[in-house]
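In: Quick one, fold the following:
(one chain, ligands or ions: 2)
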Amino acid sequence: MATKKNKSSIRPLRLGSEWPYAPAPESAAIARINEQYELFIDGKWQKPAEGTYFDSINPATEKKLYRASLATEKDVDKAVAAARKASDKYWKKMSPAERGKYIFRIARLMQEQARELSVMETLDGGKPIRESRDFDIPMACNHFFYYAGWADKLEYAFTNRTPKPIGVAAQITPWNFPLLMAAWKIAPALATGNTVVLKPAETTSLTTLKLASIIQEADLPPGVVNIITGAGITGAALVRHPGINKIAFTGSTAVGKLIQQETAASNKKLTLELGGKAANIIFSDAPIDQAVEGVVNGIFFNQGHVCCAGSRLYVQESIAPLFIQKLKDRMATLLVGDPMDKNTDIGAINSAEQLEKINYYIRLGKKEGSLHYESAASLPKKGYFCQPTLFTKVAQSSRLAQEEIFGPVLAILTFRTEDEVIEKANNTPYGLSAGVWTDKGSRIFNMSKRLKAGVIWANSYNLFDPTSPFGGYKESGYGREGGLHGLLPYVSF
Ligand code: NAI
Ligand code: MG
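Out: Residues are numbered from 1 along each chain as shown. Ligands and ions are numbered 1, 2, ... in the order given. As a prediction, the model looks like this:
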């Protein structure tokens with residue numbers, strides 16, 4: 001129950017450095033943000049049928065950034081019709097090599113405008129500029145490059161079979177990696193000859209709208225990609241629409257279940273990438289300092305707004321006190337604050353609702369009897385921010401150890417044997433990812449066979465590559481995105 005604050009530093013210092021970092025803000029001037037955005041349907045910007053708009057704010061300042069269109073049933077109808085027409089008239093008929101050229105062109109244009117995209121991503125979503133600039137945007141470009149390469153080689157991806165496009169793909173993305181999730185979905189769909197209607201999350205539409213203008217600039221035939229903005233009602237209308245052939249959804253398990261129910265009696269193909277409660281497992285023979293970095297990266301990266309976040313730490317009992325102390329020391333050096341500052345490690349929580357959800361779990365953890373600890377970082381007065389937080393003495397059955405928090409909150413548990421930790425790690429409704437830290441290669445193989453998780457990192461965490469598939473077990477969803485496997489949900493034979 002006790003709450004302990006780290007009193008060792010007032011202004012965070014970098015390990016090994018004697019002085020605090022001076023602010024190094026990125027300029028927002030490069031981002032040309034419109035006051036209002038329309039819907040991108042049939043290659044044109046079109047007003048929403050009901051004339052309704054909603055605001056998107058910058059979660060670090062709580063100030064309005066732009067207005068986006070709220071697409072309703074009529075707009076969804078129009079977008080699906082445009083995608084169908086584009087499929088029949090242009091995209092399906094085009095030679096695969098030509099399709100590949102268009103995708104390469106999108107990738108190159110994204111790369112040319114990477115700096116602007118990074119700034120937009122940070123302003124709209126709250127993630128540190130360092131992450132948008134060094135991870136989200138380059139990785140999004142790489143997905144387009146990677147799938148562009150597959151476009152004219154599909155017969156090698158599916159040997160002795162003839163892959164055909166499915167038709168119109170409906171794609172719904174979340175707010176934690178807006179442009180990257182759009183890339184994960186659009187690039188393989190186009191490479192396999194499908195057309196797309198995509199809806200980004202309502203708090204982070206900006207980079208997806210910018211992608212729409214890049215697609216326009218790339219001169220993609222009208223209707224091949226349609227971007228409609230809106231909230232849950234827009235997503236629900238898209239899922240219900242009889243004109244779509246495939247749905248790709250990334251978001252909460254609750255909405256994933258609704259979509260599965262909705263499509264149960266239909267012919268729509270479905271892939272779901274949902275929540276997670278990943279175990280990061282540290283054995284006593286692990287390289288301790290690297291493992292501490294891996295744990296920090298696993299849970300505090302992107303404010304913990306990561307479905308594969310290493311939100312449960314299992315540390316072997318013999319090294320637990322040392323490991324937890326090192327982790328606390330490292331937490332004291334994390335810089336929380338202005339996402340536009342290049343030094344910032346932990347930016348803004350995406351929305352007031354999400355911050356409230358995280359705080360709810362912090363209160364719950366204390367009530368459940370776990371030991372609470374947070375870094376001493378001073379938080380900005382305005383905006384949605386959260387201290388990096390950990391809990392020790394967490395019970396396996398507690399909600400803190402079972403439920404997805406989606407914030408910078410780590411639950412620490414201990415174990416003695418390999419069998420014990422496998423049983424504990426597998427004991428949640430989720431199965432998206434896990435991490436194993438040990439010096440012993442055979443143990444890594446054994447663990448990765450027995451852990452029920454789609455992705456398992458060994459002596460590393462949160463590493464991604466367009467060539468590598470990603471997806472879950474159990475309530476983390478099904479289907480794979482990325483790599484060769486990511487083509488499969490978009491073809492029929
Ligand atoms: P959400 O699942 O409501 O939102 C994800 C996307 O689905 C958004 O584009 C949203 O507009 C859309 N959507 C909402 N209701 C829909 C419906 N009935 N039919 C079709 N589309 C719909 O997630 P939310 O509420 O933003 O976050 C709640 C929790 O979900 C988070 O705290 C986190 O635990 C989890 N989450 C997991 C993500 C992941 O990457 N797996 C991403 C975002 C959230
Ligand atoms: Mg926003």
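In: What score does the closest residue to Ala24 other than its chain neighbours have for pLDDT?
Out: Residue nearest to Ala24 in three dimensions, not counting chain neighbours: Lys342, with 4.5 Å by C-beta to C-beta, 6 or more residues apart in numbering. Using the backbone N, CA and C atoms, a C-beta is placed for each residue, glycine as well. Lys342 carries a pLDDT score of 96 in this model.
In: Lys342 against Glu131, yeah?
Out: No: contact criterion C-beta atoms under 8 Å: Lys342 and Glu131 do not qualify, at 10.7 Å.
In: Between these two, which is the more surrounded one?
Out: Using other C-beta atoms under 10 Å as the criterion, Lys342 and Glu131 rank with Glu131 on top: 22 against 14.
In: Nearest to ligand 2: which residue in the stretch 351-493 of the chain?
Out: Nearest to ligand 2, among the residues of the stretch 351-493 of the chain, is Ser351, at 7.7 Å (C-beta to the ion).
In: what's the nearest residue to that residue if we skip its chain neighbours?
Out: The shortest distance from Ser351 to any non-neighbouring residue, by C-beta to C-beta, 6+ apart, is to Thr203 (5.2 Å).
In: mind checking how far the one you found is from Tyr384?
Out: Plainly put, Thr203 is 11 Å away from Tyr384 if you go by C-beta to C-beta, to the nearest Å.
In: again, but for Ala291
Out: Ala291 sits 30 Å away from Tyr384, taking C-beta to C-beta as the criterion.
In: So which of the two has more stuff around it?
Out: Counted by other C-beta under 10 Å, Ala291 and Tyr384 do not tie: Ala291 has more neighbours, with 27 against 24.
In: Show the contacting residues for the more buried one.
Out: For Ala291, the contacting residues are 282, 323, 437, 459, by C-beta atoms under 8 Å, 6 or more residues apart in numbering.
In: Buried subset of these as a PyMOL selection?
Out: The buried residues among the contacts of Ala291 can be selected in PyMOL (16 or more other C-beta atoms under 10 Å) with this line:
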select buried, resi 282+323+437
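In: Export the contacts of Ala291 as JSON lines, with columns for secondary structure.
Out: Output for the contacts of Ala291, formatted as JSON lines (DSSP: H, G, I helix; E, B strand; the rest coil):
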{"residue": "Ile282", "secondary structure": "strand"}
{"residue": "Phe323", "secondary structure": "helix"}
{"residue": "Trp437", "secondary structure": "strand"}
{"residue": "Asn459", "secondary structure": "coil"}
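In: Spell out, range by range, the strands that occur in the stretch 101-250 of the chain.
Out: Counting by DSSP state E, counting those that start in this stretch, the stretch 101-250 of the chain has strands at residues 164-165, 168-172, 195-199, 225-227, 246-250.
In: Using JSON lines, please lay out the ones you listed together with distance to His143, mean neighbour count and mean pLDDT.
Out: Formatted as JSON lines, those follow (distance: least, C-beta to C-beta, whole Å; neighbours: other C-beta atoms under 10 Å; pLDDT from 0 to 100):
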{"stretch": "strand 164-165", "distance to His143": "19", "mean neighbour count": "18", "mean pLDDT": "98"}
{"stretch": "strand 168-172", "distance to His143": "13", "mean neighbour count": "27", "mean pLDDT": "98"}
{"stretch": "strand 195-199", "distance to His143": "14", "mean neighbour count": "28", "mean pLDDT": "98"}
{"stretch": "strand 225-227", "distance to His143": "14", "mean neighbour count": "29", "mean pLDDT": "99"}
{"stretch": "strand 246-250", "distance to His143": "13", "mean neighbour count": "25", "mean pLDDT": "98"}
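In: got JSON lines for these, with distance to Gly304 too?
Out: Compiled in JSON lines, the strands of the stretch 101-250 of the chain are given as follows (distance: least, C-beta to C-beta, whole Å):
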{"stretch": "strand 164-165", "distance to Gly304": "37"}
{"stretch": "strand 168-172", "distance to Gly304": "22"}
{"stretch": "strand 195-199", "distance to Gly304": "24"}
{"stretch": "strand 225-227", "distance to Gly304": "28"}
{"stretch": "strand 246-250", "distance to Gly304": "17"}
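In: State the distance from Glu131 to ligand 1.
Out: Per C-beta to the nearest ligand atom, to the nearest Å, Glu131 is found 15 Å from ligand 1.
In: What sits closest to that residue if chain neighbours are left out?
Out: Leaving aside its chain neighbours, Glu131 sits nearest to Asn302 (6.0 Å; criterion: C-beta to C-beta, 6+ apart).
In: List the contacts of the one you found.
Out: Contact analysis of Asn302 by C-beta under 8 Å, 6+ apart lists 127, 131, 176-177, 347.
In: so what's Lys366 scoring on pLDDT?
Out: pLDDT, Lys366: 98.
In: For it, what is the enclosing helix or strand?
Out: helix 352-367 (DSSP states H and E).
In: same for that helix, what does it pack against?
Out: Here helix 352-367 touches strand 371-374, helix 399-402, strand 409-415, going by 3 or more C-beta pairs under 8 Å, 6 or more residues apart in numbering; DSSP states H and E.
In: Fine by me, thanks again.
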